[in-house]
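1. Got a sequence here, can you model it:
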Amino acid sequence: MYVFLPFISISQVLDTNGIHKYLSNSDAVYLKNQVFARIKIKHGRPIIEESNHEEVFFTKSNPYFNTSKVIYFTGKFEELKDVNSYTTVYRKHLNSNNSDLGENSENGEIAENIVTKVKNFQYKDETSNGIFYDDLKSCRFSLVNLQANAVATTDYMLKVNEPELLNKFYFSNGNPVLKSEYQISFPKTVGLKWRVFNTTNFKFSESEKDGIVTYKWSMSNIDKVKYSLAENDELPRSYFLPHIIVRITNYIGKAGDSIPVLSNPKQFYKWGFNLLSQMEKKDNNELKNFTLKLIENSKSDSAKARVIFQWVQKNIDYIAFESGWTGFIPDCDINVFNKKYGDCKGMANLIVSMLRFAGLNAHHVWLGTRDLPYKFEEVPAPNSCNHMIASVELNGQFVFLDATNKYVPFGFPTGFTQGKEAMIEISPDLFKIVKVPIVPSRLNLYSDTTTLYIDSSGLVSGHSLIQMHGLQRSNFTYNYLELNSKDYFKLFSKCVEKGNEKMSVSNLFIDDPLVQSDVLKAQYDFTLPDYLRVNGNETYLNLNLAKVYNNLIIDTIHRFTDKPFSFLTNYEFVTKFKTPNNIEAVILPTNSNFEDEKFRYSVKYERLGNDVLMKTSIEVNQLYLMRRDFSKWNKMIKQLSSAYKTNLILKKQL
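-> This is a model prediction of the structure:
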């Protein structure tokens, strides 16, 4: 059944077929989500004009909906024009009988609706997610007069001046959508390729008129995406929301020749390498002399690469700074060296230059972080690439170097690049695409060896030695140094989270986290007040002081995305309990374990004379916990969490 909404005047209507099934569980329904793009050849180059249109129907007054709107654009590459937004309130509320939204007057005419226009549009420069841009701008405004049965309409034009920078289009942003459409028109002299992600439920049509080809993709009645309220680590929307990426592959130039744009990974590499060649050229003999002095005591290529990488980590601050083409072109090496800061491209370029001064085979590397799901063969375009790092060839292997993480060990790729494709610069015409290795869990070992005591007053105390390797080391260092606390021991207690919230640390000796090493060690004494439970002549003591993954149950009803992990992990806890002399008997808990190739744990107890030894190991060997493995994971976590609750039973002498 069609329900028609009078829109501003009697002659204008909105088709809301299918809206009723969304009214009970959605605050807002997108009636239309549309982009109409046009490619034109201007001054011998393609430009793109995008007309954006959306209509949002609100089912409730005071909806739980983000009413603030923001449109981003760059001053260098994009122009924003003709922003217009208004809300139409319909006089009669929608009822359960699917009646029309218009209210009939006595003479049978449709009653007048209330239209309120947005008047306050704020244009500003943007900083976002730790990135400073001096050319990213925004237009911000708030939807007005929202109530039940109101429709907010927004229109704007975006002009894109670079053919490589076509925007992707999302058919859905998570809310229900009745009609979503992306249309692009272009001259026959322009070549296009496209790919739709996360859905096959779309319609495609192609037409041609007067030498202009039009492609149209549409989807209807898109359900609301059920984000989990219990999880805060959902994958980025490009992993699951339906969207399309269109790219210009070539066009006919003024001379009648075919000019390539982004037809394949080779063309994308040429585009990226061309940007490298546009770097500012400056005398860098000062940097060369500094590098040679820095490595003068290094005896091997690996030692040279290590000292260079660690110097950049320690002395160059990462500031993501994008201004026009410098969002794509690296800053030159001597600038970054002298300023002591740079973005990922500037830092990568500095490392590559220093490695080459040291006589090493170094390369620039383009890649997309784990925020992007695309492969270069699928999307040979800037949409697939948001990061640059360096690499060096050592013993026939590419070693990836990303100094934007100050604490990652030399030779370890950062967690957010592992498993991703890397496009490695070889020469102006040659490149290689390889996968960034995933660091095995055994190299990311977190080891905790603890000796536990009970004094005559019943106070639990102990001594621990912690050793952190690989990405466990860098993760701990980041958390430790980023915590803002004047209480040194309280800060460390928060990092290790052992026993209960009353844990108190003393006699702490910790390696300097800023001094790069293969392992970070910490030794400390601690007390755990009110940790024992006593019942008559029985005392209960839980040796599971650090409960890693405790109760980390996946919400299989509401969560629909895979669960990402920062890196593969391996934990080993060894706790030795020194039994007091007044204890006559100790009853051990039952051992527990779960084995799977993707994740496992083991908790074992054994006697050592009068003492007790508990060994716990936990290992996760997947960067992503797949939805098909949620039930198996939950089974393991339930067993592990139950094992964490078990106690030694200490019986005192009567």
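2. residue ranges with poor pLDDT in the stretch 1-150 of the chain?
-> By pLDDT under 70, the weakly predicted segments of the stretch 1-150 of the chain are 1-17, 62-64, 91-111, 126-135.
3. Sheet partners, orientation included, of the helix or strand where Val392 lies?
-> Assigned by DSSP states H and E, Val392 falls within strand 387-394. Sheet pairing for strand 387-394, assigned by DSSP bridges, gives strand 362-367 (antiparallel), strand 397-401 (antiparallel).
4. Nearest to Gly411, out of these?
-> strand 397-401 (5.6 Å; C-beta to C-beta). The way it works is simple: take the backbone N, C-alpha and C, and place the C-beta from them, glycine included.
5. Relative to the whole chain's centre, how far out is the closest one?
-> Relative to the centre of its chain, strand 397-401 is centred 23 Å away, using C-alpha atoms, centre = their mean, to the nearest Å.
6. Kindly state the domain boundaries assigned to this structure.
-> 4-259, 266-428, 442-652 (automatic domain parsing).
7. Can you get me the start-to-end distance on the last one?
-> According to C-alpha to C-alpha, to the nearest Å, domain 442-652 extends 41 Å from its N-terminal end residue to its C-terminal end residue.
8. repeat for the second one
-> Counting by C-alpha to C-alpha, you get 11 Å between the two ends of domain 266-428.
9. hmm, back to that, touching the strand holding Val392 from outside, list them.
-> Residues outside strand 387-394 that contact it (C-beta atoms under 8 Å, 6 or more residues apart in numbering) are 301-302, 305, 330, 344-345, 348-349, 351-352, 355, 360-369, 398-404, 417, 422, 424.
10. what's the average pLDDT for it?
-> Mean pLDDT, strand 387-394: 96.
11. go on, stretch 174-181?
-> Mean pLDDT, stretch 174-181: 92.
12. before we move on, what about stretch 613-627?
-> 96.
13. First-to-last residue distance for that stretch?
-> For stretch 613-627, the separation between the terminal residues is 36 Å (C-alpha to C-alpha).
14. Which positions in that stretch come out as buried?
-> By neighbour count on 16 or more other C-beta atoms under 10 Å, the buried set for stretch 613-627 is Met614, Thr616, Ser617, Ile618, Glu619, Val620, Asn621, Gln622, Leu623, Leu625.
15. Rebuild those as TSV, extending it with secondary structure and distance to Lys266.
-> TSV is the format used below for the buried residues of stretch 613-627 (DSSP: H, G, I helix; E, B strand; the rest coil; distance: C-beta to C-beta, whole Å):
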residue	secondary structure	distance to Lys266
Met614	strand	57
Thr616	strand	51
Ser617	strand	47
Ile618	strand	44
Glu619	strand	41
Val620	strand	38
Asn621	coil	35
Gln622	coil	33
Leu623	coil	29
Leu625	strand	36
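16. Quick check: which of the domains of the chain is nearest to Lys435?
-> domain 266-428 (6.0 Å).
17. now the closest one, how far from the centre of its chain.
-> Relative to its chain's centre, domain 266-428 lies at 21 Å (C-alpha atoms, centre = their mean).
18. From the buried residues of stretch 613-627, pick the one nearest Val225.
-> Among those, Leu625 lies closest to Val225 (C-beta to C-beta), at 19.2 Å.
19. Excluding covalently adjacent residues, which one is nearest to the closest one?
-> Lys563 (4.1 Å; C-beta to C-beta, 6 or more residues apart in numbering).
20. Surely the one you found and Gln622 touch.
-> No: under the criterion of C-beta atoms under 8 Å, Lys563 is not in contact with Gln622, lying 9.3 Å apart.
21. neighbours around the nearest residue to Ile583 once chain neighbours are set aside, how many?
-> Take Ile583 and drop its neighbours on the chain: the residue closest to it by C-beta to C-beta, 6+ apart is Leu650, 4.9 Å away. Using other C-beta atoms under 10 Å, Leu650 has 23 other residues around it.
22. so is Gly272 in a helix, a strand, or just coil?
-> Here Gly272 is recorded as helix under DSSP: H, G, I helix; E, B strand; the rest coil.
23. ok, it - contacts?
-> Trp366, Cys385, Met423, Glu425 are the contacts of Gly272 under C-beta under 8 Å, 6+ apart.
24. So which of those belong to strands?
-> Members of the contacts of Gly272 lying in strands (criterion: DSSP state E): Trp366, Met423, Glu425.
25. most surrounded residue in those residues?
-> Most neighbours among the ones in strands among the contacts of Gly272, by other C-beta under 10 Å: Trp366, with 27 neighbours.
26. you'd agree Arg356 is in a helix?
-> Yes: assigned with three-state DSSP, Arg356 falls within a helix.
27. Just give the number of residues close to Met279.
-> Neighbourhood size, Met279 [other C-beta under 10 Å]: 17.
28. Skipping its backbone neighbours, what lies nearest it in space?
-> Cys332 (5.1 Å).
29. picking up where we left off before, take the strands paired with strand 387-394 and lay them out in JSON lines including distance to Val586.
-> Output for these, formatted as JSON lines (distance: least, C-beta to C-beta, whole Å):
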{"stretch": "strand 362-367", "distance to Val586": "54"}
{"stretch": "strand 397-401", "distance to Val586": "50"}
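30. Comparing the ones you listed, which comes out most buried?
-> Stretch with highest mean neighbour count among those: strand 362-367 (a mean of 24; mean count of other C-beta atoms under 10 Å).
31. contacts for it?
-> For strand 362-367, contacts defined as C-beta under 8 Å, 6+ apart pick out 269, 272, 276, 330, 348-349, 351-352, 355-356, 385, 387-393, 398, 400, 417, 420-426, 436.
32. how about Ala348, secondary structure?
-> Secondary structure, three-state DSSP: Ala348 is helix.
33. wait, it sits on Asp331?
-> No: counting by C-beta under 8 Å, Ala348 sits too far from Asp331 to count as a contact (10.2 Å).
34. how about stretch 309-323: buried residues?
-> For stretch 309-323, the neighbour count (16+ other C-beta under 10 Å) marks Phe309, Gln310, Trp311, Val312, Gln313, Ile316, Tyr318, Ala320, Phe321, Glu322 as buried.
35. Where does the first one fall, secondary structure wise?
-> Taking DSSP H and E as the criterion, the element that holds Phe309 is helix 301-315.
36. about what we covered before: which of the strands paired with strand 387-394 sits closest to Ala28?
-> Proximity of those to Ala28 was assessed by C-beta to C-beta; the nearest stretch is strand 362-367, lying at 36.6 Å.
37. wait, is His299 part of a strand?
-> Residue 299: Lys, not His. No: assessed with three-state DSSP, Lys299 is coil; it does not lie in a strand.
38. before we move on, the earlier item: make a markdown table out of the strands paired with strand 387-394 and add mean pLDDT and distance to Pro163.
-> As requested, the strands paired with strand 387-394 are exported to a markdown table (pLDDT from 0 to 100; distance: least, C-beta to C-beta, whole Å):
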| stretch | mean pLDDT | distance to Pro163 |
| --- | --- | --- |
| strand 362-367 | 96 | 19 |
| strand 397-401 | 97 | 31 |
